[in-house]
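K.L.:
task: produce atomic coordinates for the following.
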Amino acid sequence: MTASTSEDSAWRARLAPYKKASWGPALGQLLATLVPFALLWTLMLLSLRGPYLGTLALALPTAFFFVRLFIIQHDCGHGSFFPSRRANNLLGAALGVVTLFPYGYWRRTHAIHHANVGNLDERELGDIQTLTVAEYRALPAWRRLAYRAYRHPFVLFGIGPAYQFLIKHRFPWDIPFAWKREWRSVVGTNAALLAVFAIAMATIGGKALLAVHLPVVLVAGTVGVWLFYVQHQFEETYWDRADAWDYYRAGVHGSSFYDLPPLLHWLTGNIGFHHIHHLASQIPSYRLPDAFRDLPEMQRVTRLSLRESFRCTRLKLWCEERRALVGFRDLAAPARAAAADA
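P.N.:
Below is the predicted model of the structure:
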């Protein structure tokens, strides 16, 4: 899909009808997520009486409902889940205790992501670190090695999610103390988590709480980071310098449509319709499929099937000359070609 910046306002007008949050669908989505999550979580707790392998097996379906709860929290952060701002904030803060993501802190850093996605001069918060080819080549050897380690799938989708959920969002030292509202969110969420742990110690036991919730968080974290990765880290994504960067092109061309089977779309809160979400973040997740179905232009974007998406893991750097993400192996290709010509 190609479009000029002048079409921005026209597209916003076409997407406007889908921005309306509704109490009925929202409450239905919440109940359809929270009830199965609670039931599966309880079943995991009861399964601790048997082999722990059975508990771990239940962690996968429970984790997908955890992802849905996170998407609902995500919608609340955009003010798009309920028609009421107060209801969005109350639910978002409550879900932050379940997801371990302080609502106020995450809401602000995620807003920064939306405001700057694809901007090469604004890569501070809310994104997976991505260097340009020139930046990578200018690094000393030890920092190249560190970047390679960071971009390794085991780190990005294994260690990274555990770090984000368990450590980083308990102590977000990368934000200024001037962000008082966000720090209150962090402190409040941590205090609530301590209270939950104290109640668990007095009832089911702290060990049981960790045995159930920790694997759910780790699996859901991997799924969540993977979704975020493939929604922006594909070969023909969009990056540009600030003087040429365009919000509309960043939304349409810098976000993929993750073409998943219907069940996986539902289990992941329709976040695969990511290009529409970036064009109009006020559209509730439960209305994204409607916008995709009704607007043919929204269907002519970069599609990634589940199978195709796994190839995105080889992409590591933005090549400003080719205007594409490339892998580390691509850096050696020009040198090999020059040697062959010689």
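
K.L.:
and stretch 38-56, how far from the chain's centre?
P.N.:
When distances are taken as Cα atoms, centre = their mean, to the nearest Å, stretch 38-56 is centred 27 Å away from the chain's centroid.

K.L.:
pLDDT (mean, whole number) over it?
P.N.:
Stretch 38-56 comes out with an average pLDDT of 97.

K.L.:
may I have that stretch as PDB, with CA atoms only?
P.N.:
Extracted as PDB, the C-alpha positions of stretch 38-56 are listed here (Å, rounded to 0.1, in the frame of the first residue of the first chain):
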ATOM      1  CA  ALA A  38      -8.700 -17.500  36.600                       C
ATOM      2  CA  LEU A  39     -10.000 -21.000  36.000                       C
ATOM      3  CA  LEU A  40      -6.800 -22.200  34.300                       C
ATOM      4  CA  TRP A  41      -4.700 -20.500  37.000                       C
ATOM      5  CA  THR A  42      -6.700 -22.300  39.700                       C
ATOM      6  CA  LEU A  43      -6.300 -25.600  37.800                       C
ATOM      7  CA  MET A  44      -2.600 -25.100  37.800                       C
ATOM      8  CA  LEU A  45      -2.600 -24.500  41.500                       C
ATOM      9  CA  LEU A  46      -4.600 -27.700  42.100                       C
ATOM     10  CA  SER A  47      -2.300 -29.600  39.700                       C
ATOM     11  CA  LEU A  48       0.700 -28.900  42.100                       C
ATOM     12  CA  ARG A  49      -0.500 -32.000  44.000                       C
ATOM     13  CA  GLY A  50       0.700 -34.100  41.100                       C
ATOM     14  CA  PRO A  51       3.800 -34.100  38.900                       C
ATOM     15  CA  TYR A  52       5.000 -30.500  38.200                       C
ATOM     16  CA  LEU A  53       5.200 -31.400  34.500                       C
ATOM     17  CA  GLY A  54       1.400 -31.300  34.400                       C
ATOM     18  CA  THR A  55       1.400 -27.800  35.900                       C
ATOM     19  CA  LEU A  56       3.900 -26.600  33.300                       C
END
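
K.L.:
buried ones in it?
P.N.:
40-41, 44-45, 47-48, 55 (16 or more other Cβ atoms under 10 Å). Heads up, the C-betas are built off the backbone N, CA and C, glycines and all.

K.L.:
closest one to residue 115 out of these, please.
P.N.:
Of all the buried residues of stretch 38-56, residue 115 sits closest to residue 41, with 35.2 Å by Cβ to Cβ.

K.L.:
one step back: so which pair among the buried residues of stretch 38-56 is furthest apart in space?
P.N.:
40 and 48 (13.6 Å).

K.L.:
against residue 197, how distant is the nearest residue to residue 280 once chain neighbours are set aside?
P.N.:
Closest residue to residue 280 in three dimensions, ignoring its sequence neighbours and counting by Cβ to Cβ, 6 or more residues apart in numbering: residue 15, at 4.3 Å. Using Cβ to Cβ, to the nearest Å, residue 15 is found at 43 Å from residue 197.

K.L.:
looking at the two, which is more packed in?
P.N.:
Neighbours were counted for residue 15 and for residue 197 using other Cβ atoms under 10 Å; residue 15 has more, 18 against 13.

K.L.:
for the more buried one, what is the enclosing helix or strand?
P.N.:
Applying DSSP states H and E as the criterion places residue 15 in helix 8-15.

K.L.:
ok, then the element right after that helix?
P.N.:
The helix or strand immediately downstream of helix 8-15 is helix 23-47, counting by DSSP H and E.

K.L.:
what helices or strands is that following helix leaning on?
P.N.:
With contacts defined as 3 or more Cβ pairs under 8 Å, 6 or more residues apart in numbering; DSSP states H and E, helix 23-47 has these neighbours: helix 52-77, helix 206-232.

K.L.:
how does it look with 6 Å?
P.N.:
helix 52-77 (3 or more Cβ pairs under 6 Å, 6 or more residues apart in numbering; DSSP states H and E).

K.L.:
now do the strand or helix carrying residue 290, average pLDDT.
P.N.:
Per DSSP H and E, residue 290 falls inside helix 288-294. Summarised as a single mean, pLDDT over helix 288-294 is 95.

K.L.:
any residues touching the helix or strand that comes right after that helix, and which ones?
P.N.:
Where DSSP H and E defines the elements, the next helix or strand beyond helix 288-294 is strand 303-305. With Cβ atoms under 6 Å, 6 or more residues apart in numbering as the test, strand 303-305 has contacts from 230, 256-259.

K.L.:
skip the chain neighbours and tell me the closest residue to residue 321.
P.N.:
Distances taken as Cβ to Cβ, 6+ apart put residue 133 closest to residue 321, at 7.8 Å, once the chain neighbours are dropped.

K.L.:
if I look at the one you found, how far off is residue 148?
P.N.:
14 Å.

K.L.:
between the two, which one's more packed in?
P.N.:
Taking neighbours as other Cβ under 10 Å, residue 133 and residue 148 compare with residue 133 leading, 18 against 13.
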